[in-house]
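Visitor: Pasted the sequence and its predicted model underneath.
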There are 2 protein chains.
Amino acid sequence: MAIEPPLRQSPALLPPLDGDPHLPLYRRLYLAFAQQIARGAWRPGDSLPAETRIAELYRIAPGTVRKAIDELADRRLVDRRHGQGTFIARPNFDNAMLRFFRFRDDRGAPVLPESRILHRGVICLPAALAQRWSIPEAEMIHLARERSWEGQVRLIEDIYLPAVPFAALLEAEESSIGPLLYPAYERLCGQVVYGIEEDIVIRDAAGPDRARLGLGPGALAVEIARIARNAVGEPLEWRLSRAEARRFRYHLALGMEGPDAAWPHDPASMKA
Amino acid sequence: MAIEPPLRQSPALLPPLDGDPHLPLYRRLYLAFAQQIARGAWRPGDSLPAETRIAELYRIAPGTVRKAIDELADRRLVDRRHGQGTFIARPNFDNAMLRFFRFRDDRGAPVLPESRILHRGVICLPAALAQRWSIPEAEMIHLARERSWEGQVRLIEDIYLPAVPFAALLEAEESSIGPLLYPAYERLCGQVVYGIEEDIVIRDAAGPDRARLGLGPGALAVEIARIARNAVGEPLEWRLSRAEARRFRYHLALGMEGPDAAWPHDPASMKA
DNA sequence: AAGTGGTCTAGACCACCCG
DNA sequence: GGGTGGTCTAGACCACTTT
């Protein structure tokens, strides 16, 4: 059982519906709620008011509220629980990087690598990365990190964060950051990652990376360039990770995924 | 402008709603329609009857029909066109393999490789693959194929198909199959791929593959194991592809994808 | 003008979870 | 038992496309 913080009461205030009046009502409601999540006004675990209550407060039909929350649920911003309520979701993208590599314990469960922060400070974003991500060469917070399995450095990461919501990360004790960054972003800076986008390339390992990863000359590296986004799609973090190509693996599904799953209400799935 | 076959009229008959009566109505409607597509009774480009018409014929509320079609549209089985109607979709997963590799023309558009079929016949599925995919070592249709760019073999593929709907593929002239298999499956066998699932691994290239791909000793290969599925998620094709690892690239998005897109009705997106 | 999908309303009743 | 989300009904009116 994972330890969960106690749920907060329903947010006292619903946000105003002030978006572009040309947009459909359910869309404006969706955007207003997503904005509350992105601003940190609603945090993971919080419960929303009941759908009928929301409809009363905004004086709109329950079906319209339902459609807005349908879309929030589709994008995994909220989590509906039949009979209980609707709650702000806490996604888990931090381990998403680990799904790429082959480190498992005897029972096949993923092994959490050790994490060491080599540098933490403010730098100017290198031109090559600014161009790659189409962002200005501004001052940003930089973290350099190494992650190790079995006593060997296996993953090198350079992480860039906008100074504005992430300043607290510079002040914090290293021990208070811990091995997983996204929970630290939430704990220390109130920022939650709801989506990631990755570009993956296999190429010859750069000289310095090769040395740090303990690879021979001519070794290939996998390079993963990631952008992490908040509930309204604004970028929160840019990350460039490198590892030995030979250990890379990945699973992916597009469109229909397997035989149409048994339905939750289907008694057939309750059998023995 | 792509050349499109003429649209067929609305299917004369709607399927009966005979699924498990414990399922929600909209779900039974979804399953009945998806089944029509998988059976080939409804083909890409066909138009559905209007939502209100469907509601009349089944004597159910229009909102229920709408929810069923919402889900078909979410999974890209149908394509809604405001003011026109709803049409069975023709997905394009065939080029999906090409998105992995770096072959582009001067304008950055993907280059279609040459395709050569080396073997076409019935074989018993090799035990290693049967285990990998958890399917029996039954007799299957086998295609071995090489795809070349710039005069060099760059992609090796072994393809396995169940004999039942694909027998026509053995009789067909090779010229009638063409360089893209999924369109051939549709044309010759009436089977349409609506989803794929892939496992990607980087490993040392096997000796025979190395020779065919023109790689030196110690070269790394990317190996892609794919399952292709029809509209109800049943597997249609199993495929194992190998290529030089160094040319591999991939782009991937999970969850929120970029700033919330401008809305179709949003006048701001119509500007200049 | 006619026909289509898109939005919104205003309910009823059911299934599920908790105290 | 009371509150929650889940399903379903039966309309009205709007926006878009084609004839």
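Guide: Looks like it came in fine.
Visitor: which residues make contact with the longest helix anywhere in chain A from outside it?
Guide: As assigned by DSSP state H, the longest helix anywhere in chain A is helix A:25-39. Applying CB atoms under 8 Å, 6 or more residues apart in numbering or on different chains, the set of residues contacting helix A:25-39 from outside is A:11, A:14-21, A:23, A:42-43, A:48, A:58, A:60, A:64-65, A:67-69, A:71-72, A:77-78, A:88, A:192, A:194, A:230-232, A:234, B:260, B:263. No exception for glycine: its C-beta is placed from N, CA and C like everyone else's.
Visitor: Looking at those, which are in helices?
Guide: A:58, A:64-65, A:67-69, A:71-72.
Visitor: just to revisit the earlier point, just the buried residues of the contacts of helix A:25-39.
Guide: Burial by neighbour count, judged by 16 or more other CB atoms under 10 Å in any protein chain shown, picks out A:11, A:14-15, A:19, A:23, A:42-43, A:48, A:58, A:60, A:64-65, A:67-69, A:71-72, A:77-78, A:88, A:192, A:194, A:230-232, B:260, B:263 from the contacts of helix A:25-39.
Visitor: Could I get the contacting residues of the residue most central in space within chain A?
Guide: Centroid-nearest residue in chain A: A:V193, 3.3 Å away (criterion: CA atoms, centre = their mean). By CB under 8 Å, 6+ apart, A:V193 lies in contact with A:91, A:93-94, A:182, A:185, A:228-230, A:236-237.
Visitor: can you pull the pLDDT of A:E257?
Guide: pLDDT, A:E257: 69.
Visitor: Please disregard the earlier target; I meant A:Y250.
Guide: On the pLDDT scale, A:Y250 is placed at 77.
Visitor: which residue does the stretch 101-250 of chain A bring closest to DNA strand D?
Guide: Here the residue of the stretch 101-250 of chain A nearest DNA strand D is A:A231; by CB to the nearest atom of the strand that distance is 18.1 Å.
Visitor: low-scoring stretches of the stretch 101-250 of chain A, by residue?
Guide: Low-confidence segments of the stretch 101-250 of chain A (pLDDT under 70): A:104-105.
Visitor: For it, what lies in contact range of chain B?
Guide: Residues of the stretch 101-250 of chain A lying close to chain B by CB under 8 Å from any CB of the partner chain are A:194-204, A:220, A:222, A:229-234, A:245-250.
Visitor: Next step: those restricted to strands.
Guide: Judged by DSSP state E, these include A:195-204, A:220, A:222, A:229, A:249-250 as members of strands.
Visitor: and of these, the nearest to A:D106?
Guide: A:R249 (18.5 Å; CB to CB).
Visitor: contacting residues for the closest one?
Guide: With CB under 8 Å, 6+ apart, A:R249 has these contacts: A:100-102, B:199-202.
Visitor: Tell me the secondary structure at whichever residue of chain A sits closest to DNA strand C.
Guide: Of all residues in chain A, A:G83 sits closest to DNA strand C, at 2.6 Å by CB to the nearest atom of the strand. Assigned state for A:G83: coil (three-state reduction, DSSP: H, G, I helix; E, B strand; the rest coil).
Visitor: Run through the residues that contact it.
Guide: Counting by CB under 8 Å, 6+ apart, A:G83 touches no other residue.
Visitor: measure it to chain B for me?
Guide: Shown here: A:G83 relative to chain B, a distance of 17 Å by CB to the nearest CB, to the nearest Å.
Visitor: same deal with A:A184?
Guide: Taken as CB to the nearest CB, the span from A:A184 to chain B is 19 Å.
Visitor: mind checking which helix or strand that residue is in?
Guide: helix A:181-189 (DSSP states H and E).
Visitor: Measure how that helix sits relative to strand A:195-204, angle-wise.
Guide: 130 degrees (axes from the mean of the first three to the mean of the last three CA atoms, to 10 degrees).
Visitor: what are the ranges of the helices in the stretch 101-250 of chain A?
Guide: Taking DSSP state H, counting those that start in this stretch, the helices of the stretch 101-250 of chain A run over residues A:127-133, A:163-166, A:168-171, A:174-177, A:181-189, A:207-213.
Visitor: and among those helices, the most buried is which?
Guide: With neighbours taken as mean count of other CB atoms under 10 Å in any protein chain shown, the helices of the stretch 101-250 of chain A reach their highest mean count in helix A:181-189, at a mean of 19.
Visitor: What is it packed up against?
Guide: helix A:163-166, helix A:168-171, helix A:174-177, strand A:235-244 (3 or more CB pairs under 8 Å, 6 or more residues apart in numbering or on different chains; DSSP states H and E).
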